[in-house]
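Undergrad: based on what follows, work out the 3D shape:
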Amino acid sequence: MSSDPLADFLSSLSNASRAGKRELVAPYSRLKRDVAQVLKEEGYIEQVEVIYQDDKPFVRVVLKPPGVITKIQRVSKPGLRRYVGAQCIPRVLGGMGICILSTSKGVMAGHKAKRLRVGGELLAMVY
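TA: Here you go, the predicted model:
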């Protein structure tokens, strides 16, 4: 049992992408679904859906070919939360990557949070 399910999900996503897997199925949580939805909106993955197996929910992610996701890095961890204001949202690789934030308006990419002028918890960086 992990103390950080989101880190496990991101690690599984990265490993599946590097291994050339077509899809990933992970135990459901709303945060995992929302992070995967942001990755879909930004073009890192193809599809996200919630499926049920034996009446238990899972998040099914259809991946793009290997190389689209180079690295996924968890930033805010259970032992050390990292919060940023709207003015301090980092640019990832000069705009080539994205950061994912959990804000009061939901989970979103950094550039969208900056445009809406909301800060929040810096969950991960993807490039």
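
Undergrad: in stretch 50-70, what's buried?
TA: Along stretch 50-70, these residues count as buried under the neighbour rule (16 or more other CB atoms under 10 Å): Phe58, Val59, Arg60, Val61, Leu63, Lys64, Ile69. All C-beta spots, glycine's among them, are computed from the backbone N, C-alpha and C.

Undergrad: contacting residues around the nearest residue to the last one once chain neighbours are set aside?
TA: If I follow you right, that is Ile69. Using CB to CB, 6 or more residues apart in numbering and skipping residues adjacent in sequence, the residue nearest Ile69 is Ser17, 4.6 Å away. For Ser17, the residues meeting the contact criterion (CB atoms under 8 Å, 6 or more residues apart in numbering) are Leu63, Lys64, Pro66, Val68, Ile69.

Undergrad: ok, the first one touching Ala16?
TA: Yes - counting by CB atoms under 8 Å, Leu63 touches Ala16, with 6.1 Å between them.

Undergrad: where do the contact lists of the two overlap?
TA: Glu23, Leu24.

Undergrad: so the closest residue to Ile45 other than its chain neighbours, which state does it fall into?
TA: Nearest residue to Ile45 in three dimensions, chain neighbours excluded: Leu39, at 4.8 Å (CB to CB, 6+ apart). Assigned by DSSP: H, G, I helix; E, B strand; the rest coil, the conformation of Leu39 is helix.

Undergrad: you'd agree Leu39 is up against Ala124?
TA: No - if you go by CB under 8 Å, Leu39 and Ala124 don't touch, sitting 9.5 Å apart.

Undergrad: can you list the domains in the chain?
TA: Using automatic domain parsing, the domain parsing of the chain gives 5-63, 72-126.

Undergrad: figure out the helix or strand that the residue nearest to Ile69 lives in.
TA: Element membership of Ser17, judged by DSSP states H and E, is helix 5-18.
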